[in-house]
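**Q** Sequence plus the predicted model coming up.
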Amino acid sequence: MARVAREMVQNAGVDVDQLVELLVKNAAAELTTFYYYTILRANLIGLEGEGVKQIAETARIEDRNHFEALVPRIYELGGELPKDMKEFHDMSACPPAILPDNPRDVKAILKVLVEAERCAVRGYSHICNLTAGKDHRTYELCLAILNEEIEHESWFSEFLGEGPSGHFLRLGETSPFVGKFFK
């Protein structure tokens, strides 16, 4: 644990235990989303599904990256991940992105994907609001994740015909905002 880091966050008025709990729940959401997106992506087949598959894959990999980026901050603040994977899954900040009853219904899969992203946007917006001006490291990390989650939501909502997003598929690089936390 980074004692001074935790102390500074606490002295800035942040309930560090609450923050750690939120970070762990969001880490659980990222890892479980990575798992469920693997299943969803595998079922994106046919002419309609193949058009969405690469975007779902990018979001899937970036969600894994979000998990990897959150873990060090959890431990820096004195937290830890649960020892039991089932417990970790069940504490997820977002509901599971489960394959719809009809696995061939691409629109239903897109609805699952966009709702998962919307949950993530809400969660990271909340953490950013809690840490803005108080916990610079957590704020910067969660803002980077939030930027990627907003792009994911935009991609999937565009496929649902909710309007143009102005965002484009990433070429060659994943996690352009979160990547700096791996260097």
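**A** Done, it's in.
**Q** Let me know whether residue 81 touches residue 72 as I believe.
**A** No: between residue 81 and residue 72 there is no contact under Cβ atoms under 8 Å: 11.3 Å. No exception for glycine: its C-beta is placed from N, CA and C like everyone else's.
**Q** Among these two, which residue is more densely surrounded?
**A** Each of residue 81 and residue 72 has its neighbours counted (other Cβ atoms under 10 Å); residue 81 has more, 17 against 14.
**Q** tell me the secondary structure for the more buried one?
**A** Secondary structure, DSSP: H, G, I helix; E, B strand; the rest coil: residue 81 is coil.
**Q** likewise residue 176?
**A** Classified using three-state DSSP, residue 176 is coil.
**Q** For residue 134, see how far away it is.
**A** From residue 176 across to residue 134, the span is 26 Å (Cβ to Cβ, to the nearest Å).
**Q** Which pLDDT does the model give residue 42?
**A** On pLDDT, residue 42 comes in at 97.
**Q** How about residue 1?
**A** 68.
**Q** Equivalent analysis for the one 5 residues further on, please.
**A** The confidence metric pLDDT takes the value 92 at residue 6.
**Q** and it, which of the three is it?
**A** helix.
**Q** do the one 4 residues further on as well
**A** Secondary structure for residue 10, judged by three-state DSSP, is helix.
**Q** Now residue 100. Its backbone dihedrals?
**A** phi -60, psi 160 (degrees, to the nearest 10).
**Q** my guess is it meets residue 108, correct?
**A** Yes: with contacts counted by Cβ under 8 Å, residue 100 reaches residue 108, the gap being 3.9 Å.
**Q** Residue ranges in this structure under the pLDDT threshold?
**A** 1, 169-170, 183 (pLDDT under 70).
**Q** which secondary structure elements does the helix ranked longest in it contact?
**A** Criterion DSSP state H: the longest helix present in the chain is helix 46-76. Contact partners of helix 46-76 among helices and strands, from 3 or more Cβ pairs under 8 Å, 6 or more residues apart in numbering; DSSP states H and E: helix 16-42, helix 106-131, helix 136-159.
**Q** Tell me the buried residues in it?
**A** For helix 46-76, the neighbour count (16 or more other Cβ atoms under 10 Å) marks 49, 52-53, 55-56, 58-60, 62-71, 73-74, 76 as buried.
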